[in-house]
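Engineer: Provided below for reference: sequence and predicted model.
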There are 4 protein chains.
Amino acid sequence: MTAPRGSELDRIAREAPFVAALGLELDRVDAGTCESVLEVRPDHLQQDGYVHAGVLATMADHTAGAAAASVMAEDRRVLTAEFKIMLLQPARAQRLRCVAKVLRAGRRLSFVESEVFGTTGESVRLVAKASVTIAIVERASG
Amino acid sequence: MTAPRGSELDRIAREAPFVAALGLELDRVDAGTCESVLEVRPDHLQQDGYVHAGVLATMADHTAGAAAASVMAEDRRVLTAEFKIMLLQPARAQRLRCVAKVLRAGRRLSFVESEVFGTTGESVRLVAKASVTIAIVERASG
Amino acid sequence: MTAPRGSELDRIAREAPFVAALGLELDRVDAGTCESVLEVRPDHLQQDGYVHAGVLATMADHTAGAAAASVMAEDRRVLTAEFKIMLLQPARAQRLRCVAKVLRAGRRLSFVESEVFGTTGESVRLVAKASVTIAIVERASG
Amino acid sequence: MTAPRGSELDRIAREAPFVAALGLELDRVDAGTCESVLEVRPDHLQQDGYVHAGVLATMADHTAGAAAASVMAEDRRVLTAEFKIMLLQPARAQRLRCVAKVLRAGRRLSFVESEVFGTTGESVRLVAKASVTIAIVERASG
């Protein structure tokens, strides 16, 4: 993914240490949508060998933030206000793909949905779905 | 924290690679409550220097699972069905503490709340609050 | 909508006094989906003339329960465990339509999404979206 | 409850037709908290004789809005952005009481929690708990 250097999208894609450490990569951004991918590693798992809900949540939240940033004014930044995630089935997968779509973009709040798909071989399954409320704030403000 | 070897609590505390990599530690478990702690590291942050929502979510979810496990039958295990987290304020902190409490323990579903506090020097602030639905499932089942 | 007398769907459609008083009607049920309609009345509004969030929530929840009931075993009934609803925009409408779809039907839990559309003249807008966790329980149990 | 005529709190308490039809009454308001009461009627129930989740949701949402209004600037009004409600146990009760507390009051967003208690004779039980995100908007704006 390429975004103008220093833009909010570029910052989201490149300047978030937690998602870099996780191995999460933004893959594609269009107006109001964003996709990301993650190769599942052993240190992403919980005690039963499934991908930890926290990994799925991070992916859903971060990708939602990028989708919201893709349709907002340039001098703004995004902050997650809240999100809910449903773990539809235990996630055993080699690779995860997240697709985030803006349901409603407001001046101060955007509502975004993120779907997380798990891929193992040729099987692709929806493993989690999140709904995310993003606050659109001034770039300078704390 | 000590729990019988091989118990569900012990597995949650010691056998979840993602939370071990994160540095999250279960600190105290009583019937229906659990506390955990996390020293904030640079790789826990998002693009503005705050703790990433995914870190707070992982902490809230995992600690909730342990709280639910502390009041269920021995031959069961926990799986998160869904959770919601509110990011009450941007989290700049040196250390995080999460306190999870079971609101209602059922045979098949438990409802748990998790509060995450951020500490910087002597200041302690509630930075996030989550509500978590935990499915109580048979230990052998997939 | 027609469902066998005494079936869970029939009970949901005909034996819930609150939704009858509200004027909510189940309109169509297929395996895993359900639609309902509501003519907006003055007593559905809040203090600014919009449809009250509680009306939208009732519609989203009840229609989700019917969708879950449409794909479960016959001797079961549905109980909402939790739901989240996003109010995407203030709802001024003459008529509401809700479309609920099961994302994942389990033996003990089903995850359902409900979209509520507001119609005024020829304009149709998505005004709310909910995600609902439905517990599937034995019919006799309390 | 008494609030200055024409204030946002007064409007919430007296000018919402849906909550009036439901029989919901704001009982007490302090800075950042609000309580409401509801006598359960037959037309509040669902198909199994429990209070309908939509009634509990309406109560939780409306009381949360009043709590948020109690600590905001005078020329503002409240709009619910989203809420989640957990139905902790089937609600059979003669009377419901809701207690809403502001967790964090912001200039543009407030986070509120609502607990709904069911009373039957001398027994009082927590039957539902909600977390609510309230948008604080200008009074004139649409």
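Structural biologist: All right, it came through fine. Numbers count the residues shown, from 1 in each chain, chains lettered A, B, ... in the order given.

Engineer: would A:Arg11 count as being in a helix?
Structural biologist: Yes. Using DSSP: H, G, I helix; E, B strand; the rest coil, the assignment for A:Arg11 is a helix.

Engineer: Now the nearest residue to it once chain neighbours are set aside: phi and psi?
Structural biologist: Sequence neighbours aside, B:Gln47 is the residue nearest to A:Arg11 in space, at 4.5 Å (criterion: CB to CB, 6 or more residues apart in numbering or on different chains). Every residue, glycine included, has its C-beta placed from N, CA and C. Per-residue torsions, B:Gln47: phi -70, psi -10 (degrees, to the nearest 10).

Engineer: For A:Asp43, list the residues it contacts.
Structural biologist: B:Pro17, B:Phe18, B:Ala20, B:Ala21 (CB atoms under 8 Å, 6 or more residues apart in numbering or on different chains).

Engineer: now A:Ala64
Structural biologist: A:Cys34, A:Thr80, A:Phe83, A:Ala100, A:Val112, A:Glu113, A:Ser114, A:Ala130, A:Val132, A:Ile134.

Engineer: how about 6 Å then?
Structural biologist: A:Ala100, A:Val112, A:Ser114, A:Val132 (CB atoms under 6 Å, 6 or more residues apart in numbering or on different chains).

Engineer: Next: A:Leu9.
Structural biologist: A:Ala3, A:Ala69 are the contacts of A:Leu9 under CB under 6 Å, 6+ apart.

Engineer: Can you tell me how far it is from B:Leu96?
Structural biologist: 28 Å (CB to CB, to the nearest Å).

Engineer: and if you look at A:Arg104?
Structural biologist: 32 Å.

Engineer: Which neighbouring elements make contact with the lengthiest strand in chain A?
Structural biologist: Using DSSP state E to define each element, chain A has its longest strand at strand A:123-138. If contacts are counted by 3 or more CB pairs under 6 Å, 6 or more residues apart in numbering or on different chains; DSSP states H and E, strand A:123-138 sits against helix A:53-69, strand A:76-87, strand A:109-120.

Engineer: just those: most buried one?
Structural biologist: Among the helices and strands packed on strand A:123-138, ranked by average contacts under mean count of other CB atoms under 10 Å in any protein chain shown, first place goes to helix A:53-69 (a mean of 29).

Engineer: so that one versus strand B:76-87, what angle?
Structural biologist: 30 degrees (axes from the mean of the first three to the mean of the last three CA atoms, to 10 degrees).

Engineer: List the contacts of A:Ala57.
Structural biologist: For A:Ala57, the contacting residues are A:Ile85, B:Gly54, B:Ala57, by CB under 6 Å, 6+ apart.

Engineer: nearest spatial neighbour of it, skipping sequence neighbours?
Structural biologist: Per CB to CB, 6+ apart, closest to A:Ala57 is B:Ala57, 4.2 Å.

Engineer: Let me know the pLDDT of that neighbour.
Structural biologist: The model reports B:Ala57 with a pLDDT of 98.

Engineer: mind saving the C-alpha coords of stretch A:25-38 as PDB?
Structural biologist: Presented in PDB, the C-alpha positions along stretch A:25-38 are these (Å, rounded to 0.1, in the frame of the first residue of the first chain):
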ATOM      1  CA  GLU A  25       0.200  -5.100   6.900                       C
ATOM      2  CA  LEU A  26      -2.300  -2.800   5.200                       C
ATOM      3  CA  ASP A  27      -2.700  -4.200   1.800                       C
ATOM      4  CA  ARG A  28      -5.200  -2.000  -0.100                       C
ATOM      5  CA  VAL A  29      -7.000   1.200   0.600                       C
ATOM      6  CA  ASP A  30      -9.900   2.700  -1.300                       C
ATOM      7  CA  ALA A  31     -12.300   5.500  -0.400                       C
ATOM      8  CA  GLY A  32     -14.100   4.000   2.600                       C
ATOM      9  CA  THR A  33     -12.500   0.600   2.600                       C
ATOM     10  CA  CYS A  34      -9.200  -1.000   3.700                       C
ATOM     11  CA  GLU A  35      -7.800  -4.500   3.600                       C
ATOM     12  CA  SER A  36      -5.000  -5.900   5.700                       C
ATOM     13  CA  VAL A  37      -3.200  -9.200   5.900                       C
ATOM     14  CA  LEU A  38      -1.400 -11.200   8.600                       C
END
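
Engineer: That one: which residues count as buried?
Structural biologist: A:Leu26, A:Asp27, A:Val29, A:Gly32, A:Thr33, A:Cys34, A:Glu35, A:Ser36, A:Val37, A:Leu38 (16 or more other CB atoms under 10 Å in any protein chain shown).

Engineer: Stretch A:122-136 now?
Structural biologist: A:Leu126, A:Val127, A:Ala128, A:Lys129, A:Ala130, A:Ser131, A:Val132, A:Thr133, A:Ile134, A:Ala135, A:Ile136.

Engineer: tell me the mean pLDDT over it?
Structural biologist: 97.

Engineer: same question, stretch A:74-91
Structural biologist: Stretch A:74-91 comes out at a mean pLDDT of 95.

Engineer: Same check on stretch A:29-49?
Structural biologist: On average, stretch A:29-49 scores 96.

Engineer: Report the distance from that stretch to the chain centre.
Structural biologist: 8 Å (CA atoms, centre = their mean, to the nearest Å).

Engineer: Endpoint to endpoint, that stretch covers what distance?
Structural biologist: In stretch A:29-49, first residue to last residue: 31 Å (CA to CA, to the nearest Å).

Engineer: residues in contact with stretch A:133-142?
Structural biologist: Here stretch A:133-142 has contacts from A:68, A:72, A:75-82, A:108, A:110, A:112, D:82, using CB under 6 Å, 6+ apart.

Engineer: Pick out the most distant pair among these.
Structural biologist: A:Asp75 and D:Glu82 (25.9 Å; CB to CB).

Engineer: in chain A, which residue is closest to the centre?
Structural biologist: In chain A, the C-alpha nearest the mean C-alpha coordinate belongs to A:Thr63, at 2.0 Å (CA atoms, centre = their mean).

Engineer: Return the residues in contact with it.
Structural biologist: A:Thr63 touches A:Cys34, A:Ser36, A:Cys98, A:Ala100, A:Ser114, counting by CB under 6 Å, 6+ apart.

Engineer: Please report how far A:Ala73 lies from A:Gly106.
Structural biologist: Taken as CB to CB, the span from A:Ala73 to A:Gly106 is 12 Å.

Engineer: neighbour count winner among the two?
Structural biologist: A:Gly106 (17 against 10; other CB atoms under 10 Å in any protein chain shown).
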